[in-house]
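> Dropping a prediction and its sequence here:
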Amino acid sequence: MSVSAYLDRVRREQGLFTIEEVVGLSERGNVIYDPYSTLISAGAVIGRGNVFFPGVYLLCTDGGALEIGDANIFHANTLFEASAGAIRVGSRNQFGEGGFTAKANRPGASIVIGDRGRYLNGAAVFGETVLGSGSQLLGAITVDSCRLEPGGSFREPDPDRRAGLLKGAGAARGFTVPAGHVIVGAGTFSASDLQLQSNFHPKV
């Protein structure tokens with residue numbers, strides 16, 4: 001058995017696209033730099049114009065659903081796992097650099113990610129979480145059942161019109177970050193630490 005035949009057999013047994021099927025995503029304008037290290041479940045719905053760096057894993061099982069929109073960038077060490085709930089991703093988001101994880105892997109889990117967001121440097125998302133359009137997670141932050149309200153992206157010149165933002169490192173659980181606000185955490189994140197983003201980024 002050839003190496004390619006073996007790899008494809010293993011992928012089929014695990015419910016994944018074969019290497020040829022991963023390459024076939026390029027017919028919709030997707031860019032896959034290394035189809036051998038890109039693992040995508042056959043049940044995942046993938047849009048157009050996405051960019052997949054090596055070492056990206058988009059996994060879903062019969063108990064989950066995974067939908068990816070258009071023109072997203074998935075840097076290395078990005079993992080989506082929908083095994084007990086749904087993950088729905090909009091368009092024009094950046095996942096990584098520095099890794100990103102989203103897992104709907106427990107009963108009732110649901111992760112919704114809007115458009116134009118940035119999720120960098122090891123952020124991880126679980127539970128019932130909504131990352132509104134333009135939102136940002138900057139750092140090794142474990143987010144469980146939080147909501148970041150939508151707003152402008154990081155390119156919005158008025159920081160107080162940008163979407164909700166978490167930055168730093170630590171655990172964030174069960175709260176909402178309104179548009180124009182940020183919580184900076186070191187170990188833990190608390191809603192009592194909400195600040196206007198203009199405290200850190202002067203208005204242009």
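Happy to help now that I have it.
> Every contact and neighbour count from this point should use C-alpha atoms.
Noted.
> what secondary structure does Gly49 sit in?
Recorded secondary structure, Gly49: coil (DSSP: H, G, I helix; E, B strand; the rest coil).
> For it, give me its contacts.
Gly49 is in contact with Arg28, Gly29, Asn30, Val31, Asp70, Ala71, Asn72, counting by Cα atoms under 8 Å, 6 or more residues apart in numbering.
> top of the residues you listed by neighbour count?
Counting neighbours by other Cα atoms under 10 Å, Asn72 leads the contacts of Gly49 with 24 neighbours.
> leaving aside the residues next to it on the chain, what's closest to Tyr36?
Distance criterion Cα to Cα, 6 or more residues apart in numbering; nearest residue to Tyr36, sequence neighbours excluded, is Ile19 at 6.3 Å.
> you'd agree the one you found is up against Ile32?
No - checked against Cα atoms under 8 Å, the pair Ile19 and Ile32 is beyond contact range at 10.7 Å.
> Phi first, then psi, for the residue nearest to Gly151 when sequence neighbours are not counted.
In this structure, Gly151 finds its nearest non-sequential neighbour in Ala163, 3.8 Å apart by Cα to Cα, 6+ apart. According to degrees, to the nearest 10, the main-chain angles of Ala163 amount to phi -70, psi 170.
> any idea of the pLDDT on Ala163?
Model confidence at Ala163, given as pLDDT, is 98.
> which ones are touching it?
132-136, 148-153, 178-181.
> one step back: residues touching the residue nearest to Tyr36, list them.
So, once contact is read as Cα under 8 Å, 6+ apart, Ile19 ends up touching Leu7, Asp8, Pro35, Tyr36.
> what do you get if the cut-off is 10 Å, keeping everything else the same?
Taking Cα atoms under 10 Å, 6 or more residues apart in numbering as the contact definition, Ile19 lies against Ser4, Ala5, Leu7, Asp8, Arg11, Asp34, Pro35, Tyr36, Ser37, Thr38, Leu39, Ile40.
> So the first one, which state does it fall into?
When the structure is reduced to helix, strand and coil (three-state DSSP), Ser4 reads as helix.
> Check whether it really touches Thr18, as I assumed.
Yes - with contact defined as Cα atoms under 10 Å, Ser4 counts as touching Thr18 (9.3 Å).
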